[in-house]
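Asks: Sequence first, predicted coordinates after that:
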Amino acid sequence: MNPEEDMSDHPTKGNIKFVTSNEHKFLELQEIFRNSGINLEWIRRKYEEIQGEGTEEISLDSARKITHEINGRFFLEDTGLYIDALNGFPGPYSSYVAGTIGNTGILKLIQGLDRSCRFLTVITYFDGHEFFQFDGMLRGSISKEIRGKGGFGYDPIFIPDGQSITLAEMDIETKSSISHRSLAAQRFISHLMGSR
Ligand code: IMP
């Protein structure tokens, strides 16, 4: 048989499950994966996240907890907003902070401080045997006010370095051309392409 025809066991063939309850995350990644010829299957469900650890640890811990509940290979991701002047806060507490003080609270917190920050996404992939992690970072600064209707979460207060608009003022393709999430996904896709 022509080896090029027998691709049934290839990591880029078939579906890869992405576990998230966040539709925005799914839509952003769906596009990136489609461009690589990999079909993303959305497993829409919530899972518990540990507190008090880094984004990497949260991502791995969440994946470990659900391996026995998901059939076959899957991945999930955890993202944090790290503000330099606050020693990286909210970082692993990003979800809690978004749900409590929100973007308005962040703007108040950093009044008069340096506004540099970064997003970090850590993807954890379980191939059925082992866990693999891929990260992606986007540097930027916190805007002076809430701007834009697109995106989600902290997007309306995040201006990527080299840009003058927030992520929420960009369309999804533009955000994905530079985002922390897409960078982590590109690393993941390269791994899949190379891991025959
Ligand atoms: P988690 O990865 O869902 O735990 O995200 C933590 C917090 O960061 C949540 O409040 C999300 O809404 C927010 N968040 C995650 N990814 C992004 C992003 O790409 N842009 C803006 N906010 C985000």
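Replies: Structure's in. What do you need? Numbering: from 1, shown residues only.
Asks: beta partners of the residue nearest to residue 187 when sequence neighbours are not counted?
Replies: Counting by C-beta to C-beta, 6 or more residues apart in numbering, residue 134 is the residue found nearest to residue 187 once chain neighbours are left out, at 4.0 Å. The way it works is simple: take the backbone N, C-alpha and C, and place the C-beta from them, glycine included. Residues in a beta bridge with residue 134, per DSSP bridges, are residue 123.
Asks: which residues does residue 134 contact?
Replies: Shown in contact with residue 134 (C-beta atoms under 8 Å, 6 or more residues apart in numbering): 122-123, 125, 184-185, 187-188, 191.
Asks: Please, a ChimeraX command that selects the buried ones among the residues you listed?
Replies: With 16 or more other C-beta atoms under 10 Å as the criterion, this ChimeraX line picks the buried residues out of those:
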select :122,123,125,184,185,188
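Asks: Quick one: distance of whichever strand or helix holds residue 139 to the chain centre.
Replies: When elements are assigned from DSSP states H and E, residue 139 belongs to strand 131-142. The chain centroid and the centroid of strand 131-142 are separated by 7 Å under C-alpha atoms, centre = their mean, to the nearest Å.
Asks: quick one: buried residues of that strand?
Replies: 132-136, 138, 140-142.
Asks: I figured residue 142 was touching residue 157, is that so?
Replies: Yes. Residue 142 sits in contact with residue 157 when judged by C-beta atoms under 8 Å, with a separation of 5.4 Å.
Asks: joint contacts of the two?
Replies: In the contact map built from C-beta under 8 Å, 6+ apart, the residues linked to both residue 142 and residue 157 are 106-107.
Asks: who's in contact with residue 109?
Replies: Contact analysis of residue 109 by C-beta under 8 Å, 6+ apart lists 86, 101.
Asks: In this structure, what residue lies closest to the ligand?
Replies: At 2.5 Å from the ligand, residue 153 is the closest residue in the chain, using C-beta to the nearest ligand atom.
Asks: The contacts of residue 134 into CSV, with extra columns for secondary structure and distance to the ligand?
Replies: Shown next, in CSV, are the contacts of residue 134 (DSSP: H, G, I helix; E, B strand; the rest coil; distance: C-beta to the nearest ligand atom, whole Å):
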residue, secondary structure, distance to the ligand
122, strand, 9
123, strand, 11
125, strand, 16
184, helix, 11
185, helix, 12
187, helix, 16
188, helix, 16
191, helix, 20
